[in-house]
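[1] Task: produce atomic coordinates for the following.
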Amino acid sequence: MTSLSESSAVRYDPYDADIDDDPHPTWTRLRDEAPLYRNDEHGFWAVSRWDDVRPALLDWDTYRSGRGTVLEVVKAGVEIPPGILLFEDPPIHDAHRALLSRVFTPRRMLDLEPLVRGYTVKALDALVGREEFDVIAEFGVEIPLRTIGFLFGIPEADQEVYRKATDDAIATDGTPVAFDQSSFDAVLSVLGDYVEWRSQNPTDDLMTELLNAEVDEPDGSRRALTRDEVVTYASMVAGAGNETATRLIGFTMQLLAQHPEQRRLLVDDPSLIPAAIEEILRLESPSPVQARWVQHDVELHGTTVEAGSIMMLLNGAANRDPRHWSSPDRLDVHRDEGAHLSFGYGLHFCLGAALARLEGRVALEEILRRWPAWEVDVDGGRMAHTGSVRGWGYLPVRPE
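    Numbers count the residues shown, from 1 in each chain. Here you go, the predicted model:
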């Protein structure tokens, strides 16, 4: 069994828009034909099977995040600003995660349900009676944007500016993103002035909590966060929170339109909705690829991957591995086969998972109350292409 890119049978290029539009046929072939894949053009290795990806996500000592978890960031070799939790390794990761865990608890996220439902109802009611609407721009973007904005007390005008800066920084047109220090600066600068203003005008929000928080250093000492760290924390949470939930909502509308019998089960029994959200996340992960820096030589499928290499962990492919899942390409809201890898695994498990699940569940509950059936114009839709997030950028929906 070959593991090299020279095998004429399979090619995986994360910047190829045609592959990114529907990567599953390619990922199937990777799992079967090249479970350890080498891309010489972009200089990375990739693993796609469940039994390779899951242990690698757990093994932070071999597969490091400290140089970034996006291919172009790792290759750029830029200095990572402190506070980007996804781009950190222990021990500093543990100290920063402990701090964020105190202010971003699952219980606190669940307490947001009335707020999230209010945003959802307002946005959906404005679409009632329409023959067609774009579920991304007119709904999917709105809910996480307003929720994150509320959490941090960010004015609506600044929320829109921040989202555009994030989108511009990660978007790709089929070529690698030219990532450098200015890319970080462009995103972080949007919230910089606001953080300074909030420090002089504290209130009851997460931004104020971060300004007052102290981080435990590895040597046992404690200190307050710097302004730059607060900006970085807030930018990381806002960016990740906006993107994940938006893509989840788009995939929810697509998959349930394509599986009307499963949608009918949810209409008849709304208690199945949380399980349906998990199944949708498994089938179409909003963040399906994680880059890692290989710290030590590692043997995989008879090949040595040398220290200093870049490894792409294809968690989106592992989520459909038939070696682990039964009928993995089928949407089944009754599926009960354990957790997926769409929120990661191990020490980098997504802190915002509870909020994303809440937003996905509430969105689907309210959608089904208004429209028990709909069609999506997949051919007329458009995927948003980035190096780290996958999902619809434009998706027309036609209620029935």
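[2] going forward, measure contacts between C-alpha atoms and count neighbours the same way
    OK.
[3] For the stretch 151-300 of the chain, which segments count as helices?
    According to DSSP state H, counting those that start in this stretch, the stretch 151-300 of the chain carries its helices in the segments 156-170, 181-200, 206-212, 227-258, 260-268, 273-283.
[4] Distance to V116 and mean neighbour count added to these, as CSV?
    Shown next, in CSV, are those (distance: least, Cα to Cα, whole Å; neighbours: other Cα atoms under 10 Å):
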stretch, distance to V116, mean neighbour count
helix 156-170, 15, 16
helix 181-200, 23, 16
helix 206-212, 16, 19
helix 227-258, 12, 22
helix 260-268, 20, 16
helix 273-283, 16, 22
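[5] Out of those, which is closest to R130?
    helix 227-258 (16.1 Å; Cα to Cα).
[6] Hey, what's the angle from the closest one to helix 273-283? Just curious.
    Angular relation of helix 227-258 and helix 273-283 on a 0 to 180 degree scale: 100 degrees, by axes from the mean of the first three to the mean of the last three Cα atoms, to 10 degrees.
[7] thinking again about what came up before, out of the helices of the stretch 151-300 of the chain, which comes closest to P82?
    Here helix 227-258 is closest among the helices of the stretch 151-300 of the chain (Cα to Cα), at 6.1 Å.
[8] pLDDT (mean, whole number) over the closest one?
    For helix 227-258, the mean pLDDT works out to 87.
[9] Stretch 335-344 too?
    96.
[10] contacting residues around it?
    With contact meaning Cα atoms under 8 Å, 6 or more residues apart in numbering, stretch 335-344 is reached by 54, 57, 275, 278-279, 281-282, 285-288, 315-316, 318-319, 325, 349-350, 353.
[11] Distance to M383 added to the helices of the stretch 151-300 of the chain, as TSV?
    Shown next, in TSV, are those (distance: least, Cα to Cα, whole Å):
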stretch	distance to M383
helix 156-170	13
helix 181-200	22
helix 206-212	32
helix 227-258	10
helix 260-268	22
helix 273-283	16
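[12] out of these, nearest to R64?
    helix 227-258 (18.5 Å).
[13] centre of the chain versus the closest one, how much separation?
    6 Å (Cα atoms, centre = their mean, to the nearest Å).
[14] now that helix against helix 260-268, angle please.
    If you take the same axes, to 10 degrees, helix 227-258 sits at 110 degrees to helix 260-268.
[15] buried residues in stretch 91-107?
    92-97, 99-100, 103-104, 106 (16 or more other Cα atoms under 10 Å).
[16] Would you list the buried entries among the contacts of stretch 335-344?
    For the contacts of stretch 335-344, a burial check counting by 16+ other Cα under 10 Å picks out 54, 57, 275, 278-279, 281-282, 285-288, 315-316, 318-319, 325, 350, 353.
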